[in-house]
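3D, please:
(one chain, ligands or ions: 2)
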Amino acid sequence: MGGNFFSGSIPVELGQLTALQIALNISHNNLSGLIPSSLGNLRMLESLYLNHNQLSGEIPTSIGVLPSLMECNLSNNNLAGSNHCHLFPSPSSAPNPGWLKETSEKEKIVSIVSFCIGVISLTFIVAVCWVMRAQKSTFASLEDQLKTDDLDSYYFPKEGFSYQDLVEATGNFSDTAIVGKGACGVVYKAVMTGGEVIAVKKLKSREKELVLTTVSVQKYRLLGQIRHKNIVKLYGFCYHQDNNLILYEYMANGSLGEVLHGNETAGMLDWDARYRIALGAAEGLCYLHYDCKPQIIHRDIKSNNILLDEYFEAHVGDFGLAKLIDFSLSKSMSAVAGSYGYIAPEYAYTMKVTEKCDIYSFGVVLLELITGKSPVQPLEQGGDLVTWVRRSIQKLEIASQIFDHRIDLSSKRTTEEMSLVLKIALFCTSTSPLNRPTMREVIAMLIDAREGGTTSLPSPTSETPLDGEDFC
Ligand SMILES: Nc1ncnc2c1ncn2[C@@H]1O[C@H](COP(=O)(O)OP(=O)(O)OP(=O)(O)O)[C@@H](O)[C@H]1O
Ligand SMILES: [Mg+2]
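Ligands and ions are numbered 1, 2, ... in the order given. Below you'll find the predicted structure:
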């Protein structure tokens, strides 16, 4: 009721509101006359505001002894004695000593209770912080953990191994345990005491800092949870002093890149094995695109990141790692934005990675499987495999000149299937990302190619102009 134009005296009947608890505010009006002593009946009242009126006379004793009153403002009236009844009581001018006494006792009680509550709250907060700190040390981010140089840091999605276990399992990271080397580091085969074999990637020193500052346990947890038959399992991460290790499922036959382009292994994959690798890798990539939440764009699809198990089944590897290494700090293009020969053309001018960049890179892998050629070609032949294949088709070269000579091409069924997969590869490597298929469509087309080839894509040996946009 405060802030109105009420005039006249305060109604005596207000004293009948005995259940009124929080506040009675009739301040900033034009009320005059005496304060009715009936307000002393408001025994539950906690705040009373009668200030900024024309009230006069003595403050009733009954108000001074209200047991619940915590705050009372009687200022800017014409009252005899103090205008403030709670906040600024003046002992000398107090209208009612009894009320003041009550107030100061109440203040004392309030102070003691507040103090006790304060102490209890403080103790509680300290206890909660202590518990959180204790928990944090278990699940702390690697960045936090790594501040303590003398401690090893581990993160394993499943039960893990200590750094010492890994040292023993790799013969102290001896050269004989090396299974491959990449731009980011060296990969070792680790045979654990229980007989389990895992792959351990030891990152190069320049990558260490990068991973340490950008990796969080949360990211590793998410990546470590990915389970698909065509995806290399991420077992964990281990930091020990200067060594930064990533633990993966071991792939007995290494990478597709090595098998296809290595001297010793050249020609060991027949067309059927290559087709199954293409389909398996497509399924792994499709899983990353469609079934992971949030979606994972691989960003570095290449034959070196398609690993082969003992049955030559394809497993997509190194997903997520590219994201964990900060591009601005890394000199390794291959770790972040893809590898030369696999990078989608639009990436150069948009610098934006989309799933269509993965599709392009996957198309290049298909071309590698079909031609047996490396993604990087001599400049006079176009500089990259996509250009080489398109130029070859433009020159109306016969399929046998494009297909890998190491494959037995005597079967018509094989060459027909290869022709269809070549069409899919060209579709995937369309210059415009809009014209590229999705991974689901790629899988459907691959299956279709084997089952009879009802795809309506243009023949790779047709006269379709290839240098322009949208060949497929
Ligand atoms: N999980 C694994 N199991 C078995 N061998 C592996 C595994 N991961 C990698 N390798 C081997 O190590 C090699 C190097 O792999 P790595 O991922 O370090 O480099 P990359 O993929 O060739 O290049 P980049 O560093 O640019 O990704 C692979 O070609 C493969 O032979
Ligand atoms: Mg790799």
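
hmm, residue 407 is touching residue 273, no?
No - counting by CB atoms under 8 Å, residue 407 does not reach residue 273; the two are 9.9 Å apart. C-beta: built from backbone N, CA, C; applies to glycine.

more neighbours: which of these two?
residue 407 (22 against 18; other CB atoms under 10 Å).

can you count the residues close to the residue lying closest to residue 287 once chain neighbours are set aside?
Closest residue to residue 287 apart from its sequence neighbours, by CB to CB, 6 or more residues apart in numbering: residue 228 at 4.6 Å. For residue 228, the count of nearby residues is 17 (other CB under 10 Å).

report the separation between residue 228 and ligand 1.
15 Å (CB to the nearest ligand atom, to the nearest Å).

how close does that residue sit to residue 407?
28 Å (CB to CB, to the nearest Å).

and the helices in the stretch 51-200 of the chain, which stretches?
Remark: helices assigned in the stretch 51-200 of the chain by DSSP state H, counting those that start in this stretch are 61-64, 97-139, 142-146, 163-169.

avg pLDDT for the shortest one?
When pLDDT is averaged over helix 61-64, the result is 82.

and for stretch 17-30?
86.

start the count at 42, not 1, going forward
I'll keep to 42 as the first residue from here, and by that count the last item is stretch 58-71.

identify the residues contacting it?
42-48, 51, 55, 80, 82-95, 109, 114 (CB atoms under 8 Å, 6 or more residues apart in numbering).

what is the burial count for residue 214?
Counted with other CB under 10 Å, residue 214 comes out at 17.

who touches the residue nearest to residue 328 in this structure?
324-325, 328, 332.

thinking again about what came up before, tell me, which of the helices of the stretch 92-241 of the chain is the model least confident about?
helix 183-187 (a mean of 41).

which residue does this structure bring closest to ligand 2?
residue 359 (3.9 Å; CB to the ion).

can you tell me how far that residue sits from residue 379?
12 Å.

identify the contacts common to the two.
In contact with both residue 359 and residue 379: residue 341, using CB under 8 Å, 6+ apart.

could you dump stretch 448-461 to CSV, C-alpha only?
C-alpha atoms of stretch 448-461 as CSV (Å, rounded to 0.1, in the frame of the first residue of the first chain):
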residue,chain,number,x,y,z
ILE,A,448,45.0,-57.5,-60.7
ASP,A,449,43.9,-60.5,-62.7
LEU,A,450,41.7,-58.7,-65.3
SER,A,451,40.8,-61.9,-67.3
SER,A,452,37.4,-62.2,-65.7
LYS,A,453,34.7,-60.0,-67.3
ARG,A,454,32.9,-59.8,-64.0
THR,A,455,35.9,-58.3,-62.3
THR,A,456,36.4,-55.6,-65.0
GLU,A,457,32.7,-54.8,-65.0
GLU,A,458,32.7,-54.4,-61.3
MET,A,459,35.9,-52.3,-61.4
SER,A,460,34.3,-50.0,-64.0
LEU,A,461,31.3,-49.5,-61.8
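
any buried residues in that stretch, and which?
448, 455-456, 458-461 (16 or more other CB atoms under 10 Å).

what pLDDT does residue 305 get?
72.

host element of residue 411?
Under the criterion of DSSP states H and E, residue 411 resides in helix 396-412.

and that helix, how far from the chain's centre?
27 Å (CA atoms, centre = their mean, to the nearest Å).

so what does it touch, helix or strand wise?
Where contact means 3 or more CB pairs under 8 Å, 6 or more residues apart in numbering; DSSP states H and E, helix 396-412 is packed against helix 297-302, helix 312-331, helix 386-391, helix 426-435, helix 453-469, helix 480-492.

next helix or strand past the second one?
Put plainly, it is helix 312-331. Criterion used, DSSP H and E; the element after helix 312-331 is strand 347-349.

ok, the helix or strand following that following strand near ligand 1 or not?
Using DSSP H and E, the helix or strand that follows strand 347-349 in sequence is strand 355-357. No - judged by CB under 6 Å from any ligand atom, strand 355-357 and ligand 1 are separated, with a smallest distance of 7.8 Å.

who touches strand 355-357?
By CB under 8 Å, 6+ apart, strand 355-357 touches 270-273, 290, 292, 297, 317-322, 325-326, 329, 339, 342, 346-350.

what residues does this protein have near ligand 1?
220-226, 228, 240, 242, 273, 289-292, 295-296, 298-299, 341, 345-346, 348, 358-359, 375-376, 380.

buried ones among those?
Buried among the residues of the chain next to ligand 1 by 16+ other CB under 10 Å: 220-221, 223, 225-226, 228, 240, 242, 273, 289-292, 295-296, 298-299, 341, 345-346, 348, 358-359, 375-376, 380.

and residue 461, how far from residue 468?
For residue 461, the distance to residue 468 - CB to CB - is 11 Å.

nope, residue 58 is what I meant
With CB to CB as the criterion, residue 58 and residue 468 are 82 Å apart.

more neighbours: which of these two?
Neighbours per residue (other CB under 10 Å) separate residue 58 from residue 468, with residue 468 holding more: 22 against 15.

the more buried one against residue 485, yeah?
No - assessed by CB under 8 Å, residue 468 is found out of contact with residue 485, at 11.9 Å.

hang on, isn't residue 95 packed against residue 117?
No - Residue 95 sits out of contact with residue 117 when judged by CB under 8 Å, with a separation of 9.3 Å.

show me what contacts residue 43?
So residue 43 contacts 66-70, 90 (CB under 8 Å, 6+ apart).

repeat the analysis, applying 10 Å as the threshold.
The contact partners of residue 43, by CB atoms under 10 Å, 6 or more residues apart in numbering, come to 64-70, 90-94.

and the nearest residue to residue 404 once chain neighbours are set aside, how far from residue 357?
Nearest non-adjacent residue to residue 404, counting by CB to CB, 6+ apart: residue 469, 2.7 Å away. As judged by CB to CB, residue 469 and residue 357 stand 15 Å apart.

residue 309 reaches residue 297, doesn't it?
No - between residue 309 and residue 297 there is no contact under CB atoms under 10 Å: 11.4 Å.
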